[in-house]
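> model this:
(one chain, ligands or ions: 1)
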Amino acid sequence: MKRIGKFSAGIGLLLALFAGGVRAAEEIKIGFLVKQAEEPWFQDEWRFADQAAREKGFKLVKIGVPNGDKVLMAIDNLAAQHAQGFIICSPDVKLGTAIYSEAKQNRLKVMSVDDRLVDGANKPIAAIPHMGISAFKIGEQVGLAIAGEIKKRGWRMEEVGAIRLSYDQLPTAKERTDGAVAALKAAGLPGGNLINAPQAKTDTENAFNAANIAITQNQKYKHWVAFGMNDEAVLGAVRASEGRGIGVGNFIGVGIGGSKAAMNEFAKTGTTGFFGTILISPKRHGYETAANMYEWIKTGKSPEALILTSGKLMTRGNASEVRKEMGLQ
Ligand code: FCA
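Next up is the predicted model:
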């Protein structure tokens, strides 16, 4: 009897261990890696990914990855924690091949968000599902909004200096400003009035420096407009215009994003040269990518290869209405 008791206790223990093992293997853990964790857009993406995690019951691991070393460390870390997949907005899209092979080696599924990963020949890696914005189209919306406001103010196109905050090494950034340039030219802006202001990094401080140089070197213009890859870029130009004594009546900036950076600007009492922004959807980019990754891991159903989301012009006047439409309130 004693023996049997011991035996069944042993089996019981084994069964318990086995069940524990199965449970551990079943827990779904997903990484969400972003290049600029301090930027409100990425905080919003994380917030909505967290919402998906709560609703579907998986664990979300959020990691800021400001450079290539951090990216590789984060992937290793996820593998060590037995995560099954991750979503990434990489600090450099050229890390694509390294990210893809590191993910494969560790049997992690990978999807990209916002910035599409490229291979050694600068071609998008089609095997990595991606959700980004329709960059050129959204850029055109920026250009159209600026052109509409120029017309409303009765400015002569010849007298308008147009600052293009640029970060051309990132394809989505280039496409966005290309779209804005196309729309402005179609509206009659002379090509010679475009001033390229390259940012060393994609934050407001670097945009401020770039815009400052652009304004200093082109003092002949009576009016100014500015556009770039996101709100942070345009806010840099707005601050530079203020520093150089350009009145808000002579400045129109239109960004892309519509998160806290833009809302804070709209909330200011008094005027701002930040005229508007194209609101894009951190909810889709955060919630949907995380939910799609979860499905992929759980059921094997791979996400759509490429999803490009749209945007809508938001100004101080219609901000809360447009945010509500986008499910952001
Ligand atoms: C890029 C930009 C972000 C945001 C996102 C959609 O990653 O850096 O600011 O615009 O695309």
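> The stretch 151-300 of the chain against the ligand: which residues are in contact?
Applying the criterion C-beta under 6 Å from any ligand atom, the portion of the stretch 151-300 of the chain that neighbours the ligand consists of 172, 202, 229, 230, 256, 257, 280. For the C-beta atoms, the positions are set from N, CA and C on the backbone; glycine is no exception.
> thinking the fourth one is in contact with residue 255, fair?
Yes - under the criterion of C-beta atoms under 8 Å, residue 230 lies in contact with residue 255, with a separation of 6.2 Å.
> State the pair within the residues of the stretch 151-300 of the chain next to the ligand that is farthest apart.
Farthest pair in those (C-beta to C-beta) is 202 and 280. Separation: 15.3 Å.
> So, low pLDDT: which residues of the stretch 1-150 of the chain?
Across the stretch 1-150 of the chain, residues meeting the criterion (pLDDT under 70) sit at 1-26.
> tally of neighbours for the residue in it that the ligand sits nearest to?
Closest to the ligand within the stretch 1-150 of the chain is residue 114: 3.6 Å, counting by C-beta to the nearest ligand atom. If you count neighbours by other C-beta atoms under 10 Å, residue 114 ends up with 24.
> Was I right to think it contacts residue 88?
No - counting by C-beta under 8 Å, residue 114 stays clear of residue 88, with 9.3 Å between them.
> For residue 202 and residue 280, indicate the residue with more neighbours.
More crowded of residue 202 and residue 280, by other C-beta under 10 Å: residue 280, with 25 against 21.
> Surely that one touches residue 256?
Yes - with contact defined as C-beta under 8 Å, residue 280 reaches residue 256; the gap is 6.5 Å.
> who touches both of the two?
133, 138, 311 (C-beta atoms under 8 Å, 6 or more residues apart in numbering).
> Any idea which residue is closest to the centre of this protein?
residue 114 (4.6 Å; C-alpha atoms, centre = their mean).
> Not counting sequence-adjacent ones, nearest residue to that residue?
Closest residue to residue 114 apart from its sequence neighbours, by C-beta to C-beta, 6 or more residues apart in numbering: residue 89 at 4.4 Å.
> Which positions within stretch 250-267 qualify as buried?
For stretch 250-267, burial by neighbour count (16 or more other C-beta atoms under 10 Å) applies to 250-259, 261-263, 265-266.
> looking only at pLDDT, what's the mean for it?
When pLDDT is averaged over stretch 250-267, the result is 96.
> Would you quantify the distance from the residue nearest to residue 59 when sequence neighbours are not counted to residue 108?
What sits nearest to residue 59 in space, not counting adjacent residues and going by C-beta to C-beta, 6+ apart, is residue 29, at 4.5 Å. Per C-beta to C-beta, to the nearest Å, residue 29 is found 10 Å from residue 108.
> hang on, the earlier thing: in contact with the residue of the stretch 1-150 of the chain closest to the ligand, which residues?
Counting by C-beta under 8 Å, 6+ apart, residue 114 makes contact with 89, 131, 132, 133, 172, 285.
> any idea how far it lies from residue 233?
Distance from residue 114 to residue 233, counting by C-beta to C-beta: 15 Å.
> which residues touch the nearest residue to residue 286 once chain neighbours are set aside?
Closest residue to residue 286 in three dimensions, ignoring its sequence neighbours and counting by C-beta to C-beta, 6+ apart: residue 48, at 3.2 Å. Counting by C-beta under 8 Å, 6+ apart, residue 48 makes contact with 282, 283, 285, 286, 287, 290.
> if you set the cut-off to 6 Å instead, what comes out?
For residue 48, the set of contacting residues under the criterion of C-beta atoms under 6 Å, 6 or more residues apart in numbering consists of 282, 283, 286, 287.
> Let's have those residues in TSV, adding pLDDT, secondary structure and neighbour count.
Listed next are the contacts of residue 48 as TSV, based on pLDDT from 0 to 100; DSSP: H, G, I helix; E, B strand; the rest coil; neighbours: other C-beta atoms under 10 Å:
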residue	pLDDT	secondary structure	neighbour count
282	96	helix	24
283	96	helix	19
286	98	helix	28
287	98	helix	21
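> With respect to the ligand, which of those residues is nearest?
Comparing every one of the contacts of residue 48 with the ligand (C-beta to the nearest ligand atom), the shortest separation belongs to residue 282, at 8.2 Å.
> Hmm, the closest one is touching residue 46, no?
No - the criterion here is C-beta atoms under 6 Å, and residue 282 misses it with residue 46 at 8.9 Å.
> coming back round to it: looking at strand pairing, list the partners for the residue nearest to residue 114.
For residue 89, the residues forming beta bridges with it (DSSP bridges) are residue 34.
> need the contact list for it.
Residue 89 sits next to 34, 35, 113, 114, 115 when contact means C-beta under 6 Å, 6+ apart.
> Around whichever residue of the stretch 151-300 of the chain sits closest to the ligand, how many other residues sit close by?
Of the residues in the stretch 151-300 of the chain, the one nearest the ligand is residue 230, at a distance of 3.7 Å by C-beta to the nearest ligand atom. Around residue 230 sit 29 other residues, with neighbours defined as other C-beta under 10 Å.
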